[in-house]
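[1] A structural model of the following input is requested.
(2 chains)
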Amino acid sequence: MRLLIIEDYRPLQQSLTKGLREAGFAVDTTRDGKEGLWYAMGNEYDVIILDLMLPGMDGLEILKKIRTQGRKSHVLILTARDTVQDRVTGLNLGADDYLVKPFAFKELLARVHALLRRGYRQKNPRIKVKDLKIDLSRQRVCRGKKEIQLTPREYALLEYLAMRLGQTISRTDIWEHIYDFNSSASSNVVDVYIGYLRKKIEQPNKPRLIHTIRGRGYVLGVQS
Amino acid sequence: MSRSLRIRLLTGIIGGMILLLTLFSLLIYIVIRSTLIKQFDKSLASVAQILAASVEIDVNEIEFEFEVQQMPEFLNSDHPTHYQLWDPNGTVISKSPLLGADNLLRLEGTLNALVFDTSRNNNGQPLRTISLKFLPRLADNNEKNKNEAQKDYRSPENKQEFTLAVARDAGDLYGQLGFLRWLLLIASAAVIALSFILAAVIVKKGLRPLNSIAAEIATIKEDSLTTRITTEDVPTEVVQIKNRLNELLSRLEASFNRERQFNADVAHELRTPLSGLRSTIEVTLTRTRDNDEYKRVLFECEAIVENMQTMVGNLLMLSRLDAKQISFQTEQIRLAELVNSCWQQFSDKALERQITFDNSIEAEYMCESDRHNLSIVLSNILANAVEYTDEGGQIRTTACSKDGSMEIAVSNTGCQLTTEQLSQVFDCFWRGDLSRSDTGTHCGLGLALVQKLIRALGGNAFAELQPGGIFVVRITLPE
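    Got it, this is the predicted structure:
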C-alpha cells in the first residue's frame, strides 16, 4: 500500500514516515504544499496524510485540486485545528478522515488501515482465501493452522493482492502500490517477490492461490 | 447618588410644583387681602370723616351736628359700628350707646394720615378701628359767655385737637380671608396630589425606552457579543447612550475575538510540537532499537522541548507584559557590547549561512535601560534577522540620538515581505514567509514580544522596508 505524507513539521514528518514504512507501507513524503500536490497528482496513492497549514500551498487547496482532478486517493487530514467548523470544511471538501494533533500513532495506523479497507471494499479486517487467513490489523498470515513469516515487502504484496481479491492486477499496479517514489526497483522485481511469496504460501497438496494471468498480471483466489 | 432616575424626576417635579403653588397662593392671598382691607378701611374712613365734620363746638359745649347716634349703622347690633370722641385732655365726651363700658382705641392719627388698627372686643370679635385728631368746627352761635367759668373750647389757647375713633366689626372680612386661605391651601394640595399621579405616569412612560434597552442589555451574555441593541424609536437623549453602548459592544466583541483567536493560536502552536514529540516517541517504541537510535531520538525530542520552552516563555512574558507584572531596573549600558553579546548565540548559524554581521554602533555609545529586557529585545530582533536574511546576506546594527530619544536600527537583506505585510510583523503568531519549512521552530512571537517589551520600556518599535529588500526594525528608547 502506498501512502503520501504532506506535513511541514519536520519531527512529525520524519517519525510518521519511519513508523508507516516500518508498518509495511510504501511512503512518499514532503514538507512543501506545492511539492505535495505534484506527488499527489502524479501517483495513485492509497492514502494521503495531509496537514492543513503548509508552506507553499494550503492543505485545503491541495485537497480541492486533488478532488477536482478526480483522484481517488483517500485523504486523511492531520491538523492542530480542532473546531467543528474546521472538521466540517475539511470533510466537505472531500477528505475521508480527520485526526487532530497530537494523536496516538496507533490510532493513525488504525485509521489508515480502515481507509485502505474502505478503498478496496474490504469491510472485514480478516481476509480468507480457502485456508489462507490474512489478519490485516495484526499483519499476520496463516495457512491452515500454521503461521507464515513474511518480510514486510512480501506482506505488503500479499496484502495488496488480498485487498483486490479475485481481480487481475497488473505488474505496474503492484509496483506502484508496493514501492515508493525513491525506490530504484523496477517492475520486474514484482515477479521476484511473487516467487518468494509463492514459496511461502503454496503448499504441495493444496490448491494454488496465486495465479499468473499471462500478459495481464496476477490474481489471488481460487481458480475454478 | 443611588436614587433611581424615576424618584429623582418625581421629587424634582413635585418639589417644583409645591414651591410654585405656595408662592402663587401667597401672592394671591396677599393681593386679595390688601384689596379687601383697603375697601373696608375706605368706608370706615368716610364714616369717620363725616362724623368728624359733624362735630361742632359751642362755647363750652361740644355736640354732633346731626343726630348721628340715631344713624342705623350705629344701632345695628349684629355688625355694629362704634364711635368715641375724646376732648384734647383725653376725657371721653361721647360714644356709641352700644359700646357700653368698653372703650375704643385712641390712636394718634390726623385727617391727612389716617391710622387704622385691629383689636378684639370682649366677645372676641375683630374690631377695625380708625382714629383721627381734628379741629372741630365752631358753632355759629350768638349766645355767648353764659358761663365764663366754663371751659372755653373756642379760646385760642384751647384750640386743641379732639380725637375721634370709629370702629366697625370686621368679623365678615376676616372670615372671608380665612375662607380664602383654606381654599388656596386645599386647592394647592389637590393640584399637588393630582400632579403626583400624573407625573408618575409621565415619568414611567418617559423612562420606558431606558427599561427596554436595559432589558435588551440583560440578554447579552459573553457568548452573544455579536448582538447589538436594536430598540427602535428611542428618544434622542438615549440614542447617544445606545450608540455608545453598541460601540462598546463592538470593542468588547473584537477584544473577545482576539483573545479567542490568540488562545486558538496558542493551542495550535503547542499542539504541533507536542504531536511531533508524541509521534517520535511512539514510533520509536513500536519495536526494539539499538542504543544509537534511542540516543538520536532523545536528542530530537530535546530539541522539540527546547523550542516549546522558548515559546511558552515568550507567551508568559507577553501575558506578564499585558498584566504589567514586569519590573525594570535601569542602568547605564554600553550598547555595542550588549549587541555583540546578543549576537553570539546566532553567530554559528550566521556563519553556516554565510551571513555577515556588521555592528556599527560606536563602542562608547551609552544608553540607559534595563539590561536584561533590552537584551531580550535585541536577541529577538537578531533571531528574526538571522532567520530571514538571504544566504550570503548582511545584518547591520546602528544607533543614534534623535529628538531626545535614542534609536537602534537592525537591518537585514533578503526581505521578501510586501508593504501590506509590513503592518503585520508585530502581530502574534504571524509568520511572514510561509514558504519556509520551519514550523515549530518559529511560531511568530518574537517581534510581537519585541514591540510589547520596548513599549513597556518607554519606547516603541517600527518596521520598514527599504529598496533592495532591506528590512529594518527600529526601536526607540527615551534617553
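[2] what's in contact with stretch B:309-327?
    Where contact means Cβ atoms under 8 Å, 6 or more residues apart in numbering or on different chains, the residues beyond stretch B:309-327 that reach it are B:266, B:269-270, B:273, B:373, B:376, B:428, B:443, B:445-446, B:448-449, B:452-453, B:456. Yep, even glycine has a C-beta here, placed from its N, CA and C like the rest.
[3] which PyMOL command selects the buried ones in those?
    Those of the contacts of stretch B:309-327 that count as buried under 16 or more other Cβ atoms under 10 Å in any protein chain shown are selected in PyMOL with:
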select buried, chain B and resi 266+269+270+273+373+376+428+443+445+446+448+449+452+453+456
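[4] ok, which of the contacts of stretch B:309-327 also contact chain A?
    Restricting the contacts of stretch B:309-327 to those touching chain A (Cβ under 8 Å from any Cβ of the partner chain) yields B:269, B:273.
[5] quick one: which of the contacts of stretch B:309-327 sit in helices?
    The members of these that map onto helices under DSSP state H are B:266, B:269-270, B:273, B:373, B:376, B:446, B:448-449, B:452-453, B:456.
[6] which among those gets closest to residue B:50?
    Nearest to residue B:50 among the ones in helices among the contacts of stretch B:309-327 is residue B:456, at 103.9 Å by Cβ to Cβ.
[7] now do the same contact list for the closest one.
    By Cβ under 8 Å, 6+ apart, residue B:456 lies in contact with B:321, B:324, B:326, B:328, B:373.
[8] distance check, the first one against chain A.
    Looking back up the chat, that one is residue B:321. For residue B:321, the distance to chain A (Cβ to the nearest Cβ, to the nearest Å) stands at 25 Å.
[9] try the third one
    Taking Cβ to the nearest Cβ as the measure, residue B:326 falls 30 Å from chain A.
[10] out of the contacts of stretch B:309-327, the closest to residue A:112 would be?
    residue B:273 (22.7 Å).
[11] verify the stated contact: the closest one with residue B:307.
    Yes - if you go by Cβ atoms under 8 Å, residue B:273 and residue B:307 touch, sitting 6.0 Å apart.
[12] where does the stretch 1-150 of chain B have low pLDDT?
    B:1-2, B:59-61, B:65-70, B:77, B:111, B:139-150 (pLDDT under 70).
[13] domain-wise, how is chain A divided?
    Following automatic domain parsing, chain A resolves into domains at A:2-119, A:126-220.
[14] in a markdown table, list the ones in helices among the contacts of stretch B:309-327 along with pLDDT.
    Shown next, in a markdown table, are the ones in helices among the contacts of stretch B:309-327 (pLDDT from 0 to 100):
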| residue | pLDDT |
| --- | --- |
| B:266 | 83 |
| B:269 | 81 |
| B:270 | 86 |
| B:273 | 89 |
| B:373 | 90 |
| B:376 | 90 |
| B:446 | 84 |
| B:448 | 87 |
| B:449 | 88 |
| B:452 | 88 |
| B:453 | 90 |
| B:456 | 89 |
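[15] quick revisit: comparing the domains of chain A by mean pLDDT, which bottoms out?
    Comparing mean pLDDT across the domains of chain A, the weakest is domain A:126-220, with a mean of 85.
[16] chain center to it: distance?
    Offset of domain A:126-220 from its chain centre (Cα atoms, centre = their mean, to the nearest Å): 14 Å.
[17] can you get me the start-to-end distance on it?
    The straight-line separation of the ends of domain A:126-220 (Cα to Cα, to the nearest Å) is 15 Å.
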